[in-house]
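**Student:** After the sequence you'll find the predicted model.
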Amino acid sequence: MSNAIEGRRRSRRSTSSSHTATAPARAPPILSDAYLDCHTSKNDLVKRMRKVVTALSSEDLEVNSPEHPSLDSLVQSLVEPRYLHHKDKEVRLHTVLACMEAFYLYAPSAPWDVDEILRIFAQIHAQLANLAHCTNASMPNYRNYFRLLSQLATVKVSIVLVELYNQGSGAALETLTELVHTLLHSMHREHPREVMNCASAAIAAC
């Protein structure tokens, strides 16, 4: 009898161990570089990047919070060419939107080095140039371009370029000049008043 009972116990332990070994892996948190790494297609990457933008914009989010140990690694991954210079325009756009949220979150110090900051602004410049032919909410990505513009106006991220220039970066001044030029030449009468106001505020912040 005792041998039979011991046999059942071993059988149960073996079954329990096999269940544990085959349990599905835990999905990485949204605020982590691993979350983006898990994308299975371009469309999936866009969806994941949108969720990252939403998560970064949360008013409850704090830098160095123990609840988000992978936040820094996520932010660093945003400036990698595989995202910032992705061949798909939707990925590039939402990567820039995520970077803008990170600028605000980490203020007053940007979480990237000078070269990385300049690469981000080069992509901001490229995205805002689309406003020249995107004039109302019925057009694709209008709201995203407007969101990017309004962040420049309210968060005043372009001040980072001014600070870099004061520290001796001639490239920062060139980038700032290109940004202002784009804003001036992308605005026209077909744009709603809210867009014109944000463009004016963004230029004033420079």
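**Tutor:** Great, that's in hand.
**Student:** At the geometric centre of the protein, which residue sits there?
**Tutor:** By CA atoms, centre = their mean, the chain has its centre lying nearest to Ala98, at 1.7 Å.
**Student:** so who does that one touch?
**Tutor:** Met49, Val52, Val53, Leu56, Leu78 (CB atoms under 8 Å, 6 or more residues apart in numbering). No exception for glycine: its C-beta is placed from N, CA and C like everyone else's.
**Student:** Including distance to Val157 and neighbour count, could these go into a markdown table?
**Tutor:** Listed next are the contacts of Ala98 as a markdown table, based on distance: CB to CB, whole Å; neighbours: other CB atoms under 10 Å:
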| residue | distance to Val157 | neighbour count |
| --- | --- | --- |
| Met49 | 19 | 24 |
| Val52 | 18 | 27 |
| Val53 | 15 | 21 |
| Leu56 | 14 | 22 |
| Leu78 | 14 | 24 |
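**Student:** ok, these vs Ala27, which is closest?
**Tutor:** Val52 (14.0 Å; CB to CB).
**Student:** For that closest one, which non-adjacent residue is closest in space?
**Tutor:** Spatial nearest neighbour of Val52, excluding adjacent residues (CB to CB, 6 or more residues apart in numbering): Ala98 at 5.2 Å.
**Student:** Can you show me the CA trace of whatever helix or strand the one you found lives in as PDB?
**Tutor:** Following DSSP states H and E, one finds Ala98 within helix 89-106. Extracted in PDB, the C-alpha atoms of helix 89-106 (Å, rounded to 0.1, in the frame of the first residue of the first chain):
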ATOM      1  CA  LYS A  89       6.100  56.300 -42.100                       C
ATOM      2  CA  GLU A  90       3.600  55.300 -39.400                       C
ATOM      3  CA  VAL A  91       6.400  53.700 -37.300                       C
ATOM      4  CA  ARG A  92       8.600  56.800 -37.700                       C
ATOM      5  CA  LEU A  93       5.700  59.100 -36.800                       C
ATOM      6  CA  HIS A  94       4.700  57.300 -33.600                       C
ATOM      7  CA  THR A  95       8.300  56.900 -32.600                       C
ATOM      8  CA  VAL A  96       8.700  60.700 -32.700                       C
ATOM      9  CA  LEU A  97       5.500  61.100 -30.700                       C
ATOM     10  CA  ALA A  98       6.900  58.700 -28.100                       C
ATOM     11  CA  CYS A  99      10.100  60.700 -28.000                       C
ATOM     12  CA  MET A 100       8.100  63.900 -27.400                       C
ATOM     13  CA  GLU A 101       6.400  62.400 -24.500                       C
ATOM     14  CA  ALA A 102       9.800  61.300 -23.100                       C
ATOM     15  CA  PHE A 103      11.200  64.800 -23.500                       C
ATOM     16  CA  TYR A 104       8.300  66.000 -21.300                       C
ATOM     17  CA  LEU A 105       8.600  63.200 -18.800                       C
ATOM     18  CA  TYR A 106      12.400  63.600 -18.300                       C
END
